[in-house]
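J.: I would like the atomic coordinates for the input below:
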Amino acid sequence: MSASSGTFVVGTAGHIDHGKTSLVRALTGVDLDSLPEEKKRGITIALGFTHLALADGRRAAFVDVPGHERLVRTMIAGASGLDAVVLCVSAVEGVMPQTREHLDILQLLGVRHGLVALTMVDLLGDDDDAQDMLELAADDVADAVAGTFLEGAPVVATSAHQGQGLDALTQAIASLPVGARDASGPFRLPVDRCFLRRGFGVVITGTVLSGTVRDGDEVVLLPQGERARVRGIQVHGASEPESRSGLRTALNLAGPQREDLARGTVVASTQGVAVTSILDVRYQHLPDAPALERGARVRLLIGTAEVMAVADALDDPDRPVAPGERRLLQLRCAEPIACLPGDRLVLRRQSPVTTLGGGEVLDPWAPRVRRRDAGAAVALLARLEAGDGLARIARGGPLGLTRAQALERLGTLPDGAVSLGDRVLDPPSALALSQALLEDLAATHQAAPLSTGIGRRELRRGRLSGLSAPAFDALIARLEQAQALIVQGPRVRLPGWEVHLDGTHERARDGLLARLTGAGLEGSALKDVLEEGLPGGDALVALMCELGQVERVAGRLFRRDVLDRLVDDVRGLLAREPVLSPQAFKELTGLSRRGAIPLLEWLDSQGVTRRQGDGRVAR
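T.: Just a heads-up that it's a prediction; the model follows:
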């Protein structure tokens, strides 16, 4: 059986000097107090790791955590990723302050399985009072665990010194109802130790939170973003080709330096893990914790990381979080952290450093929520908690998410998601963009009554300015398919929109046409026409051009039918002569060189002629 088969992670917890490390040593034969200071002071300072082979072939991977109140951060780092816990309570001292804080933390971190070891029973003696003291200690434990995940859990009396109760404790550990972890999702391993191994280089250890890692994989160090390559994997001292969720794992990494891998770093897949400074959480405040005021500075502990953060309640923002309350919080971190939805966290006071509460990450990609927007944020978070993937997209903002972001956060696009080019939106956001475009188009029609439509690119403004070109084009196509607008070449209009000229504009149109008829191929300068006060101005000229009545050529206006006759005349001449010379064109039109050149270039642009030397030939 490989070292990774049937392994689950068991942590110790409890007050300082309640025998956690001694009990692990008695069970496994491994002394985890290996540091000189630990030997000198007789207390656990760093996390310790070993394993116990069970009779059924499985392994219990032990994480031994320190009990001192000043080392709770280290305890939380070790408790993250546990499948179960052995809460150690001295039969002599009973439940102590750190016992309760560790139990609170385990509860907040979502640990659901465990048992209680009453330790040091040999110190009670062997007289009649010893049994009474043992029963009192058991009653003390029952009171302390009431209402927690350890209520009703086995309580095993043990003595690490004499070996009492060790078989019963091993059997109780083997009987814990720990199921196999889901290995799906991106690979993540929060680093709890890093060291240099001669001949190998940097080695890190931790408990794999999710996913699978294989020898040779490229990984990324988060939040710093540095890449590395896995060049060796061990699970409980045995080399393995891969490791997966729930396993205590050591990785030999090529690339990073030791100083790049401080506790709090997450070794992860190259995609799929959020690096964030703002996260929204479902939070449980401890019953005996002081009220949490809006804007309070707190210590956020998540995985093996600890950062300072500012906490704001989202539901009822102006009311402090009272003892025992379950609320929605937004945490704004002083430093970026790596996490995903569902990760557990603990909040502690800045000073004095005591545990306030903890909870679960709902949205690590959270936008900053202002007080005025808190109600909408709470509604979306309620949908997130209910598993609504569209709410995850809606939190991306009015322009939704890129397709890559949506797939990274959701895996697959939920039913009802609207794809617009390279973006994905929830239906209300897509509807809002559609309405914005149609409202802008209607306003343009009203402001420019002589325009048959608006250039589609001109509509990419205001609320639509942030859309990429592919997304904007997809929005236009979506509205066109729904017959909400009509696309005519580069211009867009609303269905039913038509230009209606009033009497003033009709007279101006007729007068301009008459003027251009008289001007013939000389045309009229647009500047002169506008300066003479043409009603409707350039908008009327543009409309007449759109309707095919007038043509602009080099700043002059011509009647289109006059130019059409010119085209016929030129084609007729070129049918008789192979080349149209400038002189022949001047004789045909009666124009000077100055007037002829713009019309010759216009004929080229219309595909009637092309230049050859000094003359033109039929195209």
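J.: use CA for all of it now, contacts and neighbours both
T.: Fine.
J.: quick one: low-confidence parts of the protein?
T.: By pLDDT under 70, the low-scoring segments of the chain are 1-5, 32-48, 65-80.
J.: which strand runs longest in it?
T.: When the chain is scanned for its longest strand (criterion: DSSP state E), the result is strand 326-339.
J.: neighbouring strands for that one, and are they parallel or not?
T.: Strand 326-339 has the following sheet partners, assigned by DSSP bridges: strand 274-285 (antiparallel), strand 305-313 (antiparallel).
J.: who wins for proximity to Leu513 among those?
T.: Leu513 lies closest, by C-alpha to C-alpha, to one member of the strands paired with strand 326-339: strand 274-285, at 65.0 Å.
J.: following element in sequence after the closest one, please.
T.: Using DSSP states H and E, the next helix or strand after strand 274-285 towards the C-terminus is strand 296-302.
J.: picking that back up, could you list the buried residues of the longest strand of the chain?
T.: Arg326, Arg327, Leu328, Leu329, Gln330, Leu331, Arg332, Cys333, Pro336, Ile337, Ala338, Cys339 (16 or more other C-alpha atoms under 10 Å).
J.: which helices and strands sit right next to the host helix or strand of Gly206?
T.: Using DSSP H and E, Gly206 maps to strand 201-207. With contacts taken as 3 or more C-alpha pairs under 8 Å, 6 or more residues apart in numbering; DSSP states H and E, strand 201-207 sits against strand 188-190, strand 193-197, strand 248-254.
J.: the inter-axis angle of the longest strand of the chain versus strand 296-302?
T.: Relative orientation of strand 326-339 and strand 296-302, computed by axes from the mean of the first three to the mean of the last three C-alpha atoms, to 10 degrees: 60 degrees.
J.: now tell me what touches the helix or strand following strand 326-339 from outside.
T.: Tracing the chain C-terminally past strand 326-339 and defining elements by DSSP H and E, one meets strand 344-349 next. Applying C-alpha atoms under 8 Å, 6 or more residues apart in numbering, the contact partners of strand 344-349 are 80, 105, 108-110, 297-303, 354-361.
J.: over to stretch 427-434?
T.: Defining contact as C-alpha under 8 Å, 6+ apart, one finds that stretch 427-434 is touched by Ala394, Pro398, Leu399, Gly400, Gly416, Ala417, Val418, Arg463, Leu464, Leu475, Leu479.
J.: Ala447: what's it in contact with?
T.: With contact set as C-alpha under 8 Å, 6+ apart, Ala447 has no partners.
J.: separation between it and Gly453?
T.: As judged by C-alpha to C-alpha, to the nearest Å, Ala447 and Gly453 stand 11 Å apart.
J.: can you show me the strands along the stretch 301-450 of the chain?
T.: Applying DSSP state E, counting those that start in this stretch to the stretch 301-450 of the chain gives strands spanning 305-313, 326-339, 344-349, 355-363, 401-402, 418-420, 423-425.
J.: just the C-alphas of the first one, formatted as CSV.
T.: To tie it back to what came earlier, the one meant is strand 305-313. Provided in CSV are the C-alpha atoms of strand 305-313 (Å, rounded to 0.1, in the frame of the first residue of the first chain):
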residue,chain,number,x,y,z
ALA,A,305,-1.3,33.1,6.5
GLU,A,306,-1.9,36.0,8.9
VAL,A,307,-2.6,39.5,7.7
MET,A,308,-4.1,42.6,9.1
ALA,A,309,-7.5,43.5,7.8
VAL,A,310,-10.4,46.0,8.3
ALA,A,311,-13.7,44.4,9.0
ASP,A,312,-17.1,45.9,8.0
ALA,A,313,-20.5,44.3,8.5
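J.: now it, how far from the centre of its chain.
T.: The chain centroid and the centroid of strand 305-313 are separated by 18 Å under C-alpha atoms, centre = their mean, to the nearest Å.
J.: use 209 as the first number for this chain going forward.
T.: Sure thing, new numbering starts at 209, so read that last one as strand 513-521.
J.: report the angle between it and strand 552-557.
T.: Note on geometry: by the same axes, to 10 degrees, strand 513-521 and strand 552-557 are set 80 degrees apart in direction.
J.: which residues sit against strand 513-521?
T.: 281, 285, 471-473, 501-509, 527-529, 535-543, 545.
J.: likewise for the last one?
T.: Residues outside strand 631-633 that contact it (C-alpha under 8 Å, 6+ apart) are 601-602, 606-611, 614, 625-627, 679.
J.: likewise for the shortest one?
T.: Counting by C-alpha under 8 Å, 6+ apart, the neighbours of strand 609-610 from elsewhere in the structure are Ile601, Asp630, Arg631, Val632, Leu633.
J.: also stretch 791-802?
T.: By C-alpha under 8 Å, 6+ apart, stretch 791-802 touches Leu729, Glu730, Pro790, Ala804.
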